[in-house]
Each structure stands twice: as structure tokens, then as C-alpha cells.
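>>> missing the sequence, but the structure's below:
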């Protein structure tokens, strides 16, 4: 088994989904107001410390990690689905450094420790979010 103690990775969190612009359209409802749903949130890049690993060899060949983006909202106040998170399993004692190799972003010291490396974007607001008693359509 090969041992690798340093690996360079590239991460990108998911974008938030766009909100929907939709208006209620039904028979006998002449002034149906806005009913666009919110977009889903983007996925995170998460690092978790596990006990059974002792090398970073898994990250030698797969270096790029991209989380899913959120799905767009829809009419009838339907929110979009959130993007799935990407979970990176790292050995205990791993230090995560920034690109300049000087700044320590995280130090995984105990089993189960979880760090969010890249937070997913917030979903956009649908036009139903902006309705009020005075701003109806």
C-alpha cells in the first residue's frame, strides 16, 4: 500500500437555484397573485475525520470536487431541491491548508470532526416571497 501525506485538491460548492417568477392562473380568479417558489440551496464541500484511514492516496487521482447546484423553484409555491453535499473522508490528524501553504484552514484532530470547506450558495427568492398586502401583483 502506498502512503501519501500531502495532496492538492480543488473545491467548488454548488450554486443556489434561481427563484421562479410565476402568477396564479385559474378560472374565475381574475387577479391571481404571484406564486413562484424559492430556489434550492447549493451543496457544500464537507471534510470529515475517520479512524480507519492513514493516507491521502485517494486524493492523488481525484483532485477536483464540485457539489451539486440547487434546482430552480417552480410555480404554485414549489421550492427547488437542494444540491447534494460532497463528503471527503480524511484521516485523523489531517491539516487543511490554504493555497499559499501557510494558513491552516482546519485541523482534524478527533474522529467524526466535520468541517465545511466550501459552503453552498443560498437559493434565489421566488416572486411569492415579495408579495404583501400592498404589493400583490
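Yes, it's here. Model, not experiment: these values are computed from the prediction. Residues are numbered from 1 along each chain as shown.
>>> after the helix or strand of the chain with the lowest mean pLDDT, which helix or strand is next?
None of the helices or strands of the chain scores lower by mean pLDDT, DSSP states H and E than helix 58-61, at a mean of 90. Going down the chain from helix 58-61, the next helix or strand is strand 64-66, by DSSP states H and E.
>>> sheet partners, orientation included, of that following strand?
As defined by DSSP bridges, the strand partners of strand 64-66 come to strand 10-12 (parallel).
>>> got the buried residues for the partner strand?
For strand 10-12, burial by neighbour count (16 or more other C-beta atoms under 10 Å) applies to 11-12. Yep, even glycine has a C-beta here, placed from its N, CA and C like the rest.
>>> gap between that strand and the chain center?
12 Å (C-alpha atoms, centre = their mean, to the nearest Å).
>>> show residues contacting it.
45, 63-67, 86, 117-118 (C-beta atoms under 8 Å, 6 or more residues apart in numbering).
>>> report the mean per-residue pLDDT for that strand.
For strand 10-12, the mean pLDDT works out to 96.
>>> what of stretch 122-135?
Here the average pLDDT along stretch 122-135 is 90.
>>> okay, buried residues for it please.
123-128.
>>> same check, this time on stretch 99-119
Buried residues in stretch 99-119, counted by 16+ other C-beta under 10 Å: 106, 108, 113, 115, 117-118.
>>> now for these: which two are most distant?
Largest separation among those by C-beta to C-beta: 113 and 118, giving 17.0 Å.
>>> how about the strands in the protein?
10-12, 45-50, 64-66, 86-91, 95-97, 104-107, 114-118 (DSSP state E).
>>> reformat those as CSV; add distance to residue 36.
As requested, the strands of the chain are exported to CSV (distance: least, C-beta to C-beta, whole Å):
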stretch, distance to residue 36
strand 10-12, 27
strand 45-50, 29
strand 64-66, 27
strand 86-91, 29
strand 95-97, 39
strand 104-107, 37
strand 114-118, 28
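>>> just want the most central residue of the protein.
Residue closest to the average C-alpha location in the chain (C-alpha atoms, centre = their mean): residue 43, at 1.8 Å.
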